[in-house]
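Novice: Model the structure of this input:
(one chain, ligands or ions: 1)
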Amino acid sequence: MTRYLFHLIGLFIWLGLAGCQTVVSDPIPTVNPAQHIIFHNGIVLTMDVALPQAQAVAITGEKIAAVGSNDDILAQQRADSVVVDLNGRTLMPGFVDPHTHLFNDAEQYFDMSLPEVQQIALENGITTLGNMYVTEDFLEEMQQFEADGQLRIRTSLYLVATDNCGKPFDDWWQQYPPSRNPGEMLRIGGVKLFTDGGTCGAPALSYELVPGEGLGDLFFTQEELNELVTTIHNSGHQAAIHAIGDRAIEQAQNAIATALDGEPNSLRHRIEHNSVIRPDLMPRYGEIGIIPVLFGPYPLCEPFGPPPPPEYQSWEWPYRALFDANPGLPIAWHGDDPFFGRIRPLDDLYSLITRNEIGKDGQLCEGQAWQDQHTLTATEALKMMTINAAYALARDEEVGMLTPGKYADLLILSDNPLEVDLEAIPQIEVWLTMVGGRVEFCHDSQQALCP
Ligand SMILES: [Zn+2]
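Specialist: From the prediction side, this is the model:
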């Protein structure tokens, strides 16, 4: 907890410097449904396996109208079209972070305004997020924020069923059913619960991380967790279950399997963090249909604790093995901002590909050899941060991929993360952030790119 607070204080200082000129107070304007925008002459990373890369995109109103070659898209130009030459720059879907604390921590820990933290997230390319740890009071605050016309990032709220020590609240969340209206900015996404330590006590492991200090803290018996997850399932809510250690992951997998009772996971119950996965638990995600939501960076700059004993190192942050054991499963990342002290998805992309970490002061902290065995490809990591993350939020029909009919939530980047040297990924800049066809951020030096 001390370390957590330290992170938060560091972020407070940084955010305070970065966000002070950018308060928004006027309600966001509505997008003209007739607007027609063409981006051409670029590298368009669609996240669509049928057409992974294109040159141009057309947008009508809030949505993507067409994706294709320069010739095909420019042929659709109208007298009133706004045409933007990308000059070879990269255009991709906005980042979707399915598990952050951006909004609730901005309020509770920083005494910072919601618009300030929202602006920083937009400048770093986040266009959709899941905000975890939503209490009834905070739900009201977010609903007011949206009613005031201030919410500019698509936000799914996860209502807390337990505190971070696993203490159940009453069933207040049952009064607030989830919503699934396409394109809505604010949504009740599901219910969050904690099954083991992390911010309260220690993760529940099968081995002693520190000799003599025990196996960590499991908050429920299997029967108790089965009952709670089944109640959440029967209420129509998606369950997002915090489980860091392997013993908690096993319990969470069992509880979801019990709730599903052999049916497909249509509510998309998720397990959050999944930091230490025992090998026999690996294929169970795919077998049961559970979505794992994984940290972007491994905490190298400010480690959570000592490294695992050598014989258990292959269990820790085992992303490569998890992908290989679950082909086709939409595995998602999460930034868990502001836990790592910064809001910077491109740094997390770099971490997923290299296992190195960019610290909150911008320093490079390099992974160990045992961590390097769990690097992912840039293509895998980008999907985790866009379409797979949208799947984890049940927003994959709306965002996360550049295909006709989806909302025009997209970024222009200074470079192509699939092509640049890996070490150059953290230097990539976000030049434009668009949400639903509206420019939400335009880099000062790149006004010509912003319609
Ligand atoms: Zn979290």
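
Novice: Residue of the protein nearest the ion, please.
Specialist: residue 336 (4.5 Å; CB to the ion). Where C-beta positions appear, they are placed from N, C-alpha and C, glycine not excepted.

Novice: does that residue really touch residue 101, like I thought?
Specialist: Yes - with contact defined as CB atoms under 8 Å, residue 336 reaches residue 101; the gap is 7.1 Å.

Novice: thinking again about what came up before, make sure the residue of the chain closest to the ion is indeed in a strand.
Specialist: No - applying DSSP: H, G, I helix; E, B strand; the rest coil, one finds residue 336 to be coil, outside a strand.

Novice: what about it, neighbour count?
Specialist: 20 (other CB atoms under 10 Å).

Novice: Could I get the full set of helices for the chain?
Specialist: 2-19, 70-74, 102-108, 114-123, 136-147, 222-234, 246-260, 284-288, 319-325, 345-354, 369-372, 378-384, 387-392 (DSSP state H).

Novice: TSV for these, including distance to the ion?
Specialist: Listed next are the helices of the chain as TSV, based on distance: least, CB to the ion, whole Å:
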stretch	distance to the ion
helix 2-19	10
helix 70-74	40
helix 102-108	9
helix 114-123	15
helix 136-147	14
helix 222-234	18
helix 246-260	14
helix 284-288	19
helix 319-325	18
helix 345-354	14
helix 369-372	21
helix 378-384	16
helix 387-392	13
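
Novice: want to throw these into JSON lines with distance to residue 180 and mean neighbour count?
Specialist: Converted to JSON lines, the helices of the chain look like this (distance: least, CB to CB, whole Å; neighbours: other CB atoms under 10 Å):
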{"stretch": "helix 2-19", "distance to residue 180": "32", "mean neighbour count": "15"}
{"stretch": "helix 70-74", "distance to residue 180": "31", "mean neighbour count": "16"}
{"stretch": "helix 102-108", "distance to residue 180": "20", "mean neighbour count": "22"}
{"stretch": "helix 114-123", "distance to residue 180": "23", "mean neighbour count": "22"}
{"stretch": "helix 136-147", "distance to residue 180": "16", "mean neighbour count": "15"}
{"stretch": "helix 222-234", "distance to residue 180": "16", "mean neighbour count": "18"}
{"stretch": "helix 246-260", "distance to residue 180": "19", "mean neighbour count": "23"}
{"stretch": "helix 284-288", "distance to residue 180": "22", "mean neighbour count": "17"}
{"stretch": "helix 319-325", "distance to residue 180": "28", "mean neighbour count": "18"}
{"stretch": "helix 345-354", "distance to residue 180": "25", "mean neighbour count": "24"}
{"stretch": "helix 369-372", "distance to residue 180": "38", "mean neighbour count": "14"}
{"stretch": "helix 378-384", "distance to residue 180": "22", "mean neighbour count": "21"}
{"stretch": "helix 387-392", "distance to residue 180": "13", "mean neighbour count": "28"}
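
Novice: quick one: contacts for the closest residue to residue 320 other than its chain neighbours?
Specialist: With sequence-adjacent residues excluded and distances taken as CB to CB, 6 or more residues apart in numbering, residue 320 is closest to residue 374, at 4.3 Å. Residues in contact with residue 374 (CB atoms under 8 Å, 6 or more residues apart in numbering) are 317-321, 355.

Novice: Give me the residue ranges of the protein where confidence is low.
Specialist: 1-25, 107-110 (pLDDT under 70).

Novice: mind giving me the domain ranges of it?
Specialist: 36-92+405-449, 95-392 (automatic domain parsing).

Novice: Which among these is found nearest to residue 28?
Specialist: Closest to residue 28 of those, according to CB to CB: domain 95-392, at 5.5 Å.

Novice: and that closest one, how far apart are its ends?
Specialist: End-to-end span of domain 95-392 (CA to CA, to the nearest Å): 13 Å.

Novice: repeat for stretch 372-389
Specialist: Span of stretch 372-389 from end to end, CA to CA: 23 Å.

Novice: Same question for stretch 71-90.
Specialist: So stretch 71-90: terminal residues 18 Å apart, CA to CA.

Novice: what about that stretch, distance to the chain center?
Specialist: Computed by CA atoms, centre = their mean, to the nearest Å, the chain-centroid distance of stretch 71-90 equals 30 Å.

Novice: List the buried residues in it.
Specialist: The neighbour-count check on stretch 71-90 (16 or more other CB atoms under 10 Å) flags 73-74, 81, 83-84, 86, 89-90 as buried.

Novice: likewise stretch 354-362?
Specialist: Result for stretch 354-362 [16+ other CB under 10 Å]: buried residues 354-360.

Novice: Find the nearest non-adjacent residue to residue 414, please.
Specialist: Looking at residue 414 with CB to CB, 6+ apart, the closest residue is residue 429, at 4.2 Å.

Novice: what's near enough to touch that neighbour?
Specialist: 413-414, 443.

Novice: thinking again about what came up before, would you convert the helices of the chain into a markdown table that also reports distance to residue 167?
Specialist: Converted to a markdown table, the helices of the chain look like this (distance: least, CB to CB, whole Å):
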| stretch | distance to residue 167 |
| --- | --- |
| helix 2-19 | 18 |
| helix 70-74 | 55 |
| helix 102-108 | 18 |
| helix 114-123 | 27 |
| helix 136-147 | 16 |
| helix 222-234 | 12 |
| helix 246-260 | 16 |
| helix 284-288 | 27 |
| helix 319-325 | 30 |
| helix 345-354 | 30 |
| helix 369-372 | 34 |
| helix 378-384 | 31 |
| helix 387-392 | 26 |
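
Novice: which one of these lies closest to residue 303?
Specialist: Comparing these under CB to CB, the one sitting nearest is helix 2-19, at 9.0 Å.

Novice: that older thread, let me know the closest of the contacts of residue 374 to residue 367.
Specialist: Once CB to CB is applied, the member of those that ends up nearest residue 367 is residue 355, at 3.5 Å.

Novice: Correct me if wrong: the closest one contacts residue 295.
Specialist: No - in this structure, residue 355 is not within contact of residue 295 by CB under 8 Å, at 11.3 Å.

Novice: overlap in contacts of these two?
Specialist: Joint contacts of residue 355 and residue 295 (CB under 8 Å, 6+ apart) are residue 317.

Novice: right, and residue 250 touches residue 281 too?
Specialist: Yes - judged on CB under 8 Å, residue 250 makes contact with residue 281 at a distance of 5.8 Å.

Novice: just to revisit the earlier point, state the pair within the buried residues of stretch 71-90 that is farthest apart.
Specialist: The widest separation within these (CB to CB) is 21.7 Å, between 81 and 90.

Novice: Quick check: residue 385 vs residue 422, distance?
Specialist: Per CB to CB, to the nearest Å, residue 385 is found 16 Å from residue 422.

Novice: Looking at the two, which is more packed in?
Specialist: The neighbour comparison of residue 385 against residue 422 (other CB under 10 Å) goes to residue 385, with 31 against 14.

Novice: and the more buried one, what does it touch?
Specialist: By CB under 8 Å, 6+ apart, the residues touching residue 385 are 95-97, 296, 332-333, 345, 348-349, 352.
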